[in-house]
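Asker: Requesting a structural model of the entry that follows:
(2 chains)
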Amino acid sequence: MELDDLKQAWQQQTSEDIDVRNDKKIIDMIQHKSYGPIAVIKNKLARAFLLIPIMMVVFYSLYSENPDIFQNPLEWYCIGIICVPVLFNAYWYFELNKLQDNNAAIRENLEIEILRFERTLKQYYVLMLFVNIITIILIEIAMSYHKAGEFDRSWMHVPVYLRILIYVGIILLMGFISKVNYQRFFGKHIDYMKDMLRKME
Amino acid sequence: MSRREQEKFFEKTVKEHELLIMKVCRVYAYDVHERQDLFQEIVIQLWKSWPNFRGQSKVSTWMYKVAIYTAIAGLRKQKPFIRYSDPQELPQTGIHVPYDDTKEKQLQALYSAIFQLNEIEKAIVMLYLEGKSYDEMEEIMGIASGNLRVKVNRIKDKLKQIIKS
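Answerer: Modelled structure (predicted):
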């Protein structure tokens, strides 16, 4: 049985031959939410929006209890370390809308999708590295000006080389956590897309 | 054009090419429920892509691009609407269909054999069976026509081997 012999049979198939039997009307279908991979990722990122009002409430209640709380650079850092990923996820959510255009060829679409995901992940890692470096600078400044309360008194006694080692360790750990988290989140999808692209070579 | 009119026009266009979507679902989805889910997902993606379709290519070409891409990309969903078609996991009764010259049996054997190809090969063989020219296949897949010819020949050999076994 040659493939070419089956062309005619293939082309003569009717909708009755193919067991899809979807009773829904086209108009009703388009009212449904998509649950493709991009939609699933978007739903996860949308949870970041929910965190924004929660964070605002938490910060406001902390501030009402102790108005001096945000005078310390370390507290500002804590806000930053929570806000940056949340805001980044929100930014990414809108970026993913740009992937909805399927008019390009399949290979091109795969390339665009992989490129966007990888670029955004790189931006995220660089941003987190930047936030961590800023933190270290803030901690050192806070200690120099004795603004970190009890913390600076004990931390100041730690030798400089050990402090540097701990900072490097924290940066590496944060980088590792970010990578593991995002690999779990998006990595499988990117790997799968890359595999598809390889099969097109 | 109002949204209602757009929806009507879209519905008419999809209905005219419904068989094309059904074939994609039949090739990529394992059972009837998955086919229905995939069908709906393709329609949703077509609707999302609809405002950007300005008739630069044939409607069927645009539909194939969206439908195949949705089927391929959909495989990596968190809550899969299509199970990954690992040939080892397929029921063996579906694979060893004896050759029969009736149209129905031939198609059944063909579908079972296609199921054992990878996702890209499935798309290529489907477009080939549809009688698409290599230029059109290139426009849909984004693979150079020369490379497509090589792939088609390899797929033919592969399918022959599968059906023989």
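Asker: Now do the same for A:Val58: helix, strand or coil?
Answerer: Classification of A:Val58 by DSSP: H, G, I helix; E, B strand; the rest coil places it in helix.
Asker: Now do it against A:Lys44, distance only.
Answerer: Going from A:Val58 to A:Lys44 by Cβ to Cβ, to the nearest Å gives 22 Å. For glycine as for every other residue, the C-beta is placed from the backbone atoms N, C-alpha and C.
Asker: quick one: low-confidence parts of chain B?
Answerer: Applying pLDDT under 70 to the predicted model, the residue ranges of chain B that meet it are B:75-101.
Asker: Which one of the residues in it is closest to chain A?
Answerer: Closest approach of chain B to chain A (Cβ to the nearest Cβ) occurs at B:Gly142, with a separation of 3.0 Å.
Asker: That residue: neighbour count?
Answerer: Counted with other Cβ atoms under 10 Å in any protein chain shown, the neighbours of B:Gly142 add up to 18.
Asker: Surely it touches A:Arg107?
Answerer: Yes - the pair B:Gly142 / A:Arg107 is scored as a contact, 3.0 Å apart, by Cβ atoms under 8 Å.
Asker: show me what contacts B:Trp47?
Answerer: A:Ile30, B:Phe10 (Cβ atoms under 8 Å, 6 or more residues apart in numbering or on different chains).
Asker: Low-confidence ranges, chain A, go.
Answerer: Flagging of chain A using pLDDT under 70 yields the residue ranges A:1, A:19-22, A:68-77, A:98-102, A:146-153.
Asker: Closest to the centroid, which residue in it?
Answerer: A:Asn89 (5.2 Å; Cα atoms, centre = their mean).
Asker: which element is that residue on?
Answerer: Using DSSP states H and E, the element containing A:Asn89 is helix A:73-96.
Asker: and that helix, anywhere near chain B?
Answerer: No - counting by Cβ under 8 Å from any Cβ of the partner chain, chain B has no neighbours in helix A:73-96; the shortest distance is 12.2 Å.
Asker: Using CSV, write out every CA atom in that helix.
Answerer: As requested, the backbone C-alpha atoms of helix A:73-96 are provided in CSV (Å, rounded to 0.1, in the frame of the first residue of the first chain):
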residue,chain,number,x,y,z
PRO,A,73,16.8,50.6,53.6
LEU,A,74,16.5,46.9,54.4
GLU,A,75,12.7,47.2,54.7
TRP,A,76,12.7,48.9,51.3
TYR,A,77,14.7,46.1,50.0
CYS,A,78,12.1,43.6,51.3
ILE,A,79,9.4,45.5,49.4
GLY,A,80,11.6,45.4,46.3
ILE,A,81,12.4,41.7,46.5
ILE,A,82,8.6,40.9,46.6
CYS,A,83,7.5,43.6,44.1
VAL,A,84,10.1,43.0,41.4
PRO,A,85,9.0,39.4,40.5
VAL,A,86,5.3,40.3,40.8
LEU,A,87,5.7,43.3,38.5
PHE,A,88,7.8,41.3,36.1
ASN,A,89,5.2,38.6,35.9
ALA,A,90,2.6,41.3,35.2
TYR,A,91,4.8,42.7,32.4
TRP,A,92,5.3,39.2,31.0
TYR,A,93,1.6,38.6,31.0
PHE,A,94,1.1,41.4,28.5
GLU,A,95,4.2,40.3,26.5
LEU,A,96,2.5,36.9,26.0
